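K.L.:
Just to be clear, the model below is a prediction. Sequence and coordinates:
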Amino acid sequence: SAVISQKPSRDICQRGTSLTIQCQVDSQVTMMFWYRQQPGQSLTLIATANQGSEATYESGFVIDKFPISRPNLTFSTLTVSNMSPEDSSIYLCSVGTGNRAEAFFGQGTRLTVV
Amino acid sequence: GQNIDQPTEMTATEGAIVQINCTYQTSGFNGLFWYQQHAGEAPTFLSYNVLDGLEEKGRFSSFLSRSKGYSYLLLKELQMKDSASYLCAVRSTDSNYQLIWGAGTKLIIKP
C-alpha cells in the first residue's frame, strides 16, 4: 500500500492567481497521477508525472496551465496557473503500486476560485 | 475508443441487497477495480478482479465476466454509511498503472 499526504486540503483563491498543490508519498513510486474531479462527476486525468522527465498531459490539459514537478520518486507538485472560476474543483494525486497496481489517493484539494 | 458505463444513481433500503453494474470496452484488459467515494473524500479501494468469477470480501462481492466486458459490485446488508459513489475502473494494456474510470454510481440508502 501507499500513504499519500496532499496539501493544502482546501483553498479559496482569487482569479488570476496560482496555487501549488503538493503530494508526498511514503514510498518510492515510478509514476504519479494528477486528477481533477468536478462536483458529482468522475475522475478526469490531467497528467502523469514521471521522475526525471516532463509530465505527460491528457487531451485538453497543457503544461502552461498545469505545470508539474517531480523532483524525486516520493514527491510531486501540481500548479494551477492563472486561475478562473472554471478551475474550481477537487484535485487529487494518485499512485499505482503493489501487485495489483491499485490506485491510492491523496486526501484531495478542494479549490474554489472567486 | 475506451468506454466504461455504469448507472448514474441507485436507491436501496437499509438492510437490503443492491447490485451495481459496470460494462466496459477497452483496449485490452488487465484488471477491474471498484472504489468507494464518500462525498468530499478521496476514493478508497474496495475490490479487484482480473479473472472471471466472484470475489467476496465481507458484505461486498465483485463479479467479472471478461468475455462480456461486464462486472458488478454486490453490497449486502446495506447500512446507511454505504451511501456513497461507487466507481468502476479498468486497467487496459495500453498503459502501465493508468486506470480508465467510469463516471460513478451514486448510491442512496434509505431507512
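P.N.:
Ah, there it is.

K.L.:
Helix, strand, or coil at residue A:86?
P.N.:
When classified by DSSP: H, G, I helix; E, B strand; the rest coil, residue A:86 comes out as helix.

K.L.:
Then residue A:65?
P.N.:
At residue A:65 the chain is in coil, as set by three-state DSSP.

K.L.:
Just give the number of residues close to residue B:81.
P.N.:
Residues near residue B:81, counting by other C-beta atoms under 10 Å in any protein chain shown, number 8. C-betas here are computed from N, CA, C, even on glycine.

K.L.:
Quickly note the distance from residue B:69 to residue B:62.
P.N.:
15 Å (C-beta to C-beta, to the nearest Å).

K.L.:
for residue A:48, same thing?
P.N.:
Using C-beta to C-beta, we find residue A:48 at a distance of 26 Å from residue B:62.

K.L.:
likewise residue A:63?
P.N.:
Residue A:63 is 37 Å from residue B:62, by C-beta to C-beta.

K.L.:
Comparing the two, which shows the higher neighbour count?
P.N.:
Higher neighbour count among residue A:63 and residue B:62: residue B:62, with 23 against 12, using other C-beta under 10 Å.

K.L.:
Just the pLDDT for the residue lying closest to residue A:74 once chain neighbours are set aside.
P.N.:
Spatially, and ignoring its direct neighbours in sequence, residue A:74 is nearest to residue A:25 (4.8 Å; C-beta to C-beta, 6 or more residues apart in numbering or on different chains). Looking at residue A:25, its pLDDT is 95.
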